[in-house]
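Novice: below: sequence and its predicted model.
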Amino acid sequence: MPSRYGYQPCREFHAVVLGAGGVGKSCLTAQFVHQEWIENYDPTIEDTYRTQLTVDGRQVMLEILDTAGADQFVAMRDLYMKTGQGFLLVFSITSRSSFDELVSLREDIIRIKDDENIPIVIVGNKADLVDQRQVDRARAFAISQQWQAPYYESSARTRTNVDEVFIDLCRQMLRRDDYHDDSRADDIYYQKAEDPSSSTKKKRRRKRKDRDHRCIIL
């Protein structure tokens, strides 16, 4: 929540990049953080990146957890989802199975977070391989509308929409954080307004002071 002086503190958020193996999660993250294209990389259990960026004039420190998509690491996803505040759900437009996997990923996120409105961005990566497309853009947009989550087609190789997907996710997390701050402020205000004990205690203290003062004068 903005202060009366207009100061905007740097917000810190934890984003998680999820998706099947080989869809380009690490390439997407490396392009965003380091502006570099990784031609060949070894699958890892997880990598964590930290980067500071400006979103709508506000400073954000973003910690990004790049998760592995290999089957042997699926058991670790619950932990990733529990700590994440926002999620990039990444599939490859050249792989129908990677797109279908997003359904179960989103269901797991909702189950673990117990929240259907958690910040999510859907990313169809490898948009530069349009001649190998297996996922129609219309089908991806339909899922986007159904889940009320933005959809982007990106290419880590050509850096298409790389910044946009992370910035959109940060924007969602900022809005959510502001809403919770406003709600907490409203709750505190109404609790004070509805609590008669505070004014009663003040009156009692005032009466005691008055009586003490009168005694002193007498």
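Specialist: Yep, it's here.
Novice: and the most centrally placed residue in the chain, what are its bridge partners?
Specialist: To find the centre residue of the chain, average its C-alpha atoms and take the closest one (Cα atoms, centre = their mean): that gives residue 86, at 2.3 Å. Beta bridges link residue 86 to residue 15 when assigned by DSSP bridges.
Novice: identify the residues contacting it.
Specialist: Taking Cβ atoms under 8 Å, 6 or more residues apart in numbering as the criterion, residue 86 is in contact with 13-16, 118-121, 169-170, 172-173. Bear in mind the C-beta positions are built from the backbone N, C-alpha and C, glycine included.
Novice: now residue 152
Specialist: Counting by Cβ under 8 Å, 6+ apart, residue 152 has contacts 121-124, 161, 164-165, 168.
Novice: so which of these sit within helices?
Specialist: Among these, the members falling in helices (DSSP state H) are 164-165, 168.
Novice: what is the burial count for the residue nearest to residue 133 when sequence neighbours are not counted?
Specialist: Nearest residue to residue 133, sequence neighbours excluded (Cβ to Cβ, 6 or more residues apart in numbering): residue 93, at 5.1 Å. When neighbours are defined as other Cβ atoms under 10 Å, residue 93 has 26 of them.
Novice: quick check: phi and psi at residue 93.
Specialist: Listed backbone geometry of residue 93 is phi -70, psi -10, with angles given as degrees, to the nearest 10.
Novice: could I get the contacting residues of it?
Specialist: The neighbours of residue 93, taking Cβ under 8 Å, 6+ apart as the test, are 99, 124-127, 129-130, 132-135, 140, 153.
Novice: if you set the cut-off to 7 Å instead, what comes out?
Specialist: With contact set as Cβ atoms under 7 Å, 6 or more residues apart in numbering, residue 93 has these partners: 124, 126-127, 133-135, 153.
Novice: next one: it from residue 60, what distance?
Specialist: The span separating residue 93 from residue 60 equals 28 Å under the rule Cβ to Cβ, to the nearest Å.
Novice: next: residue 120.
Specialist: Between residue 120 and residue 60 the distance, using Cβ to Cβ, works out to 17 Å.
Novice: what do you get for residue 84?
Specialist: Remark: distance between residue 84 and residue 60 (Cβ to Cβ) = 15 Å.
Novice: so the two - more neighbours on which side?
Specialist: Summary of the neighbour comparison: residue 84 and residue 60, criterion other Cβ under 10 Å, with residue 84 having more neighbours (24 against 20).
Novice: isn't that one right up against residue 14?
Specialist: Yes: under the contact definition of Cβ atoms under 7 Å, residue 84 touches residue 14, with a separation of 5.6 Å.
Novice: so for these two, which residues contact both of them?
Specialist: The contact lists of residue 84 and residue 14 share no entry, where a contact means Cβ under 7 Å, 6+ apart.
Novice: residues near residue 149, how many?
Specialist: Neighbourhood size, residue 149 [other Cβ under 10 Å]: 21.
Novice: okay then, goodbye and thanks.
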